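Trainee: pasting the sequence and the predicted coordinates here, then a few questions.
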Amino acid sequence: MKQLRLRRVAFCALPLALSVGSGCATTPMTGGARNAAPRYSAKQFFDTTTVFGGSFSADESRILITSDASGVFNAFAQPVTSGEPIQLTDSTTNAVMGVSYFPRDDRILYTADQGGNERNHLFVRDPDGSTTDLTPGEDLKASFVRWSGDKLSFWVLTNERDENYFDLYRYTTDGYSKQLIFTNKDGWDVSDVSKDGRWIALTKIRNNADSDVYIWDSKDPDAAPRHITPHQGDVSHSVHTFTPDSKRILYSSNERGEFEEAWSYDLATGDRRAVVAAPWDVMYVYFSENGKYRVTGVNQDARTVVTLENMETGRKVRLPDLPEGDITGIRISPSETKMAFYVNGDTSPSNLFMLDLESNAYERLTDTLNPAMDRDDLVAGEVVRYKSFDGLQIPAVLYRPHSASSGNEVPALVWVHGGPGGQSRHGYRAEIQHLVNHGYAILAVNNRGSSGYGKTFFHLDDRKHGDVDLEDCVHGRKYLESLPWVDGDRIGIIGGSYGGYMVAAALTFEPEAFDVGIDIFGVTNWLRTLESIPAWWSAFREALYAEMGDPETDRERLHRISPLFHASNIKRPLLVVQGANDPRVLQVESDEIVEAARANGVPVEYIVFPDEGHGFRRKENRIRASDAFVDFLDKHLKGT
């Protein structure tokens, strides 16, 4: 929960100029085509293994990771000196996410929901394989916060008392007795706990542009939380972390400009100071166990740029030359001598590496790309920019099939990310690579309202959805039409979650703009969706309403922008994908848009996954969906 960024309310960076004056679209990828790459199946792409996570074992000989090597996400122990990972959980149905090793033994914490319903419980697995559900119950959701400084307890958030709010509990490592620490009756986002257990960081969200950070002192439980970010006007604040000595808190603020900066606040004196600022959003700041190292990530034009700083010397650590890609998921061992991290690139899925911080030697621990595939056959994306209807420059990531040339024009797709407020970024996406490999160019647009390009850009689509953001997508098609290697008569639109909404909006509000649409878990009736959001989103409800509108007061506009009520306009072939257990976009929404489109005599294909929620957790379902995308496009866009 605390990973949610307040400006990025999700259903699922040189600064960009905001001038609407003259300007040209970026001209990408000059040169001719290389020989066509061999065609790979969806199964081959998804036989690439997805891995993430990085908790060190107590003896620092293993790393707890999450992997879908078994076909379903499970927890694995990866030896730090390479070698095959050891599977620790054996779920064949529900996705299991590894959380952490216990600090003093080989027990692990992991989390799992039921069929994608997002009601995660927190479990312990003992070394003998037995498990304990620490948060039993039918209707609750739980998440791990952190370990205490003495490693004898840990903090957990659950909504077991009131499904609308998350309370904070302390669990002991011996016997798992629990104590209610903070009762959340006022809609706080309980964001972090200091290592000494005294300070609780709280965030209060007023809307999607304005939020504040408060501190609650558990030694003075009757006192009101202390407001540490007073300001005028709309300013976004959120919590990064406490320092390891529990004396300061680091938080994010965009008060001084377009982008998020990292600030620190002295809990004793109230002194505040800027810590990290950049001409892009500072995404995260955190420390190693004893504070020797500080890790900072900056969202630089759809890439993550990481800095590791030695706080004892005040110098940045020069990382070794690594394979091309973004460094992500850095975890430093408790002894502060080892660093686990991932490298992820467009043509290379995430691989786990181990770095010796004393010798600067590193080793790759995983090789996740399917060995039946050649990395050179995959396609790297290129950041481009094009003008929208009002001259605003829209950033996007463009993927060009190897075979595309002016003599061999290829069909294309506008790809719309989720959100609202997400971002299309560099990194390996099996479904995108599968489409590109089968001859489809992809323009992954960051329409106005996307994160990463400043707060002005982020708020340009507030309560204008299905309008200005849709125009950005339509002009994405026009940009594709300008490329000499794209077949301008065969361009579709695809997206998931909020991106799925944009697909349905395009086919209803701009019915001639695209030749086909693929709606993946997409909203079609905003009134129903906003009235049925999960109870545990209560702390974020006002921010979502500020972004989209309040169903009590904005019914007319929400009705107007909901594709379901205008489905008679749909003229183009449509593929809809839905999870039966989706708590965010209920299946009835997809049922109804499919029925309405079919009533128009339009070719409509519909796939419902009975064991998925809002997104895919099972590899076999991702394969089936990706195959369906290509089959649908081959039939209705290529006409083959």
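Mentor: Received, thanks. Because the structure is predicted, anything quoted here is derived from the model rather than measured.
Trainee: contacts only, for the closest residue to residue 304 other than its chain neighbours.
Mentor: Leaving out its chain neighbours, the residue that sits closest to residue 304 by C-beta to C-beta, 6 or more residues apart in numbering is residue 326, at 4.5 Å. All C-beta atoms are positioned from the backbone trio N, CA, C, and that covers glycine. Taking C-beta atoms under 8 Å, 6 or more residues apart in numbering, we find residue 326 in contact with 303, 304, 305, 306, 343, 344, 345, 426, 427.
Trainee: 6 Å instead?
Mentor: With contacts defined as C-beta atoms under 6 Å, 6 or more residues apart in numbering, the neighbours of residue 326 are 303, 304, 344.
Trainee: please apply the same query to residue 439.
Mentor: For residue 439, the contact set (C-beta under 6 Å, 6+ apart) comprises 401, 410.
Trainee: check residue 286 too.
Mentor: Residues in contact with residue 286 (C-beta under 6 Å, 6+ apart) are 241, 295.
Trainee: helix or strand right after the one helix or strand it maps to?
Mentor: Element membership for residue 286, per DSSP states H and E: strand 281-287. Downstream of strand 281-287, the first helix or strand assigned by DSSP H and E is strand 293-299.
Trainee: mind listing what's buried in that next one?
Mentor: The neighbour-count check on strand 293-299 (16 or more other C-beta atoms under 10 Å) flags 293, 294, 295, 296, 297, 298, 299 as buried.
Trainee: flag the shaky bits of the chain, pLDDT-wise.
Mentor: Scanning the chain for pLDDT under 70 picks out 1-35.
Trainee: show me where it has helices.
Mentor: 42-46, 430-437, 455-458, 468-481, 498-509, 526-531, 541-548, 555-560, 587-598, 619-633 (DSSP state H).
Trainee: out of these, deepest packed?
Mentor: The highest mean neighbour count among the helices of the chain, using mean count of other C-beta atoms under 10 Å, belongs to helix 498-509: a mean of 28.
Trainee: may I have that one exported as PDB, CA atoms only?
Mentor: Taking C-alpha atoms only, helix 498-509 is exported to PDB below (Å, rounded to 0.1, in the frame of the first residue of the first chain):
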ATOM      1  CA  TYR A 498      -7.500   2.800 -18.000                       C
ATOM      2  CA  GLY A 499      -5.900   2.100 -21.400                       C
ATOM      3  CA  GLY A 500      -8.800  -0.300 -22.100                       C
ATOM      4  CA  TYR A 501     -11.100   2.600 -21.400                       C
ATOM      5  CA  MET A 502      -9.300   4.700 -24.000                       C
ATOM      6  CA  VAL A 503      -9.800   1.900 -26.500                       C
ATOM      7  CA  ALA A 504     -13.500   1.800 -25.800                       C
ATOM      8  CA  ALA A 505     -13.600   5.600 -25.900                       C
ATOM      9  CA  ALA A 506     -11.800   5.700 -29.200                       C
ATOM     10  CA  LEU A 507     -14.200   3.200 -30.800                       C
ATOM     11  CA  THR A 508     -17.300   5.100 -29.500                       C
ATOM     12  CA  PHE A 509     -16.300   8.800 -29.500                       C
END
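Trainee: number the residues from 6 up from this point.
Mentor: In the new count, where the first residue is 6, that last one comes out as helix 503-514.
Trainee: chain center to that helix: distance?
Mentor: Relative to its parent chain, helix 503-514 has a centroid offset of 20 Å by C-alpha atoms, centre = their mean, to the nearest Å.
Trainee: what's the angle from it to helix 592-603?
Mentor: Per axes from the mean of the first three to the mean of the last three C-alpha atoms, to 10 degrees, the angle that helix 503-514 makes with helix 592-603 is 30 degrees.
Trainee: who are the packing partners of helix 503-514?
Mentor: Where contact means 3 or more C-beta pairs under 6 Å, 6 or more residues apart in numbering; DSSP states H and E, helix 503-514 is packed against strand 491-501, strand 522-525.
Trainee: could you check the angle the longest one makes with helix 473-486?
Mentor: Calculated by the same axes, to 10 degrees, strand 491-501 forms an angle of 150 degrees with helix 473-486.
Trainee: residue 576 contacts residue 516, correct?
Mentor: Yes: using C-beta atoms under 6 Å, residue 576 makes contact with residue 516 at a distance of 4.8 Å.
Trainee: residues in a beta bridge with residue 204, which ones?
Mentor: Judged by DSSP bridges, the bridge partners of residue 204 are residue 222.
Trainee: with residue 246 as the reference, measure out to it.
Mentor: Separation of residue 204 from residue 246 (C-beta to C-beta, to the nearest Å): 12 Å.
Trainee: neighbour-wise, which of the contacts of residue 331 leads?
Mentor: In terms of neighbour count, residue 349 stands highest of these at 21 neighbours, by other C-beta atoms under 10 Å.
Trainee: with adjacent residues omitted, what lies nearest to that one?
Mentor: Using C-beta to C-beta, 6+ apart, the closest residue to residue 349 is residue 355 (4.2 Å).
Trainee: and residue 159, how close does it get to residue 152?
Mentor: Here residue 159 is placed at a distance of 5 Å from residue 152 (C-beta to C-beta).
Trainee: number of nearby residues for residue 372?
Mentor: Under the neighbour criterion other C-beta under 10 Å, residue 372 is assigned a count of 12.
Trainee: any idea how far residue 333 is from the residue nearest to it when sequence neighbours are not counted?
Mentor: Nearest non-adjacent residue to residue 372, counting by C-beta to C-beta, 6+ apart: residue 356, 6.6 Å away. Per C-beta to C-beta, residue 356 is found 11 Å from residue 333.
Trainee: of the two, give the one with the bigger neighbour count.
Mentor: Using other C-beta under 10 Å, the more surrounded residue of residue 356 and residue 333 is residue 356, with 21 against 16.
Trainee: just to revisit the earlier point, rebuild the helices and strands packed on helix 503-514 as JSON lines, extending it with mean neighbour count and distance to residue 584.
Mentor: Converted to JSON lines, the helices and strands packed on helix 503-514 look like this (neighbours: other C-beta atoms under 10 Å; distance: least, C-beta to C-beta, whole Å):
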{"stretch": "strand 491-501", "mean neighbour count": "23", "distance to residue 584": "11"}
{"stretch": "strand 522-525", "mean neighbour count": "30", "distance to residue 584": "10"}
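Trainee: reformat these as CSV; add distance to residue 78.
Mentor: Putting those into CSV (distance: least, C-beta to C-beta, whole Å) gives the following:
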stretch, distance to residue 78
strand 491-501, 18
strand 522-525, 19
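Trainee: residue 470: which of those is closest?
Mentor: For the helices and strands packed on helix 503-514, the distance to residue 470 is smallest for strand 491-501, at 12.9 Å, taking C-beta to C-beta.
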